[in-house]
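1. below: sequence and its predicted model.
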Amino acid sequence: MAKKGEQRAMLGLVCSVCKNRNYLTQRNKINTPEKLLLKKFCNHCRKVTDHKEVEKLK
Ligand SMILES: [Zn+2]
C-alpha cells in the first residue's frame, strides 16, 4: 500500500538484448512521465546496452 504523497514507484531496468534485469531505480511520475530508456553496462552481455524500464515485480 502506497503512503499518502508517495509518487515514486520502484522500477527495474531490463537489458534490451538479454532481457536480464540489471538495475533497480525509482522514477518520479510527476517529473518524468515518459518511460526511461538508458544506456547502461550489462554484466551478462558484458557491454553497454539499452536498458528499458519495467514495473518491478513483487
Ligand atoms: Zn544484457
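-> Yep, it's here. Residues are numbered from 1 along each chain as shown.
2. stretch 43-57 vs the ion: in contact?
-> Yes - Stretch 43-57 lies within reach of the ion by CB under 5 Å from the ion, at 44-45. C-betas here are computed from N, CA, C, even on glycine.
3. got the contact list for that stretch?
-> Contacts to stretch 43-57, defined as CB atoms under 8 Å, 6 or more residues apart in numbering, come from residues 9-18, 20-25, 27, 35-42.
4. out of the residues you listed, which end up buried?
-> 11-15, 22, 25, 27, 42 (16 or more other CB atoms under 10 Å).
5. format the residues you listed as a markdown table; extra columns: distance to Glu55, pLDDT and secondary structure.
-> A markdown table is the format used below for these (distance: CB to CB, whole Å; pLDDT from 0 to 100; DSSP: H, G, I helix; E, B strand; the rest coil):
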| residue | distance to Glu55 | pLDDT | secondary structure |
| --- | --- | --- | --- |
| Leu11 | 7 | 88 | strand |
| Gly12 | 7 | 93 | strand |
| Leu13 | 11 | 95 | strand |
| Val14 | 10 | 96 | strand |
| Cys15 | 16 | 97 | strand |
| Asn22 | 16 | 96 | strand |
| Thr25 | 12 | 88 | strand |
| Arg27 | 11 | 82 | strand |
| Cys42 | 20 | 98 | strand |
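6. alright, I will stop here.
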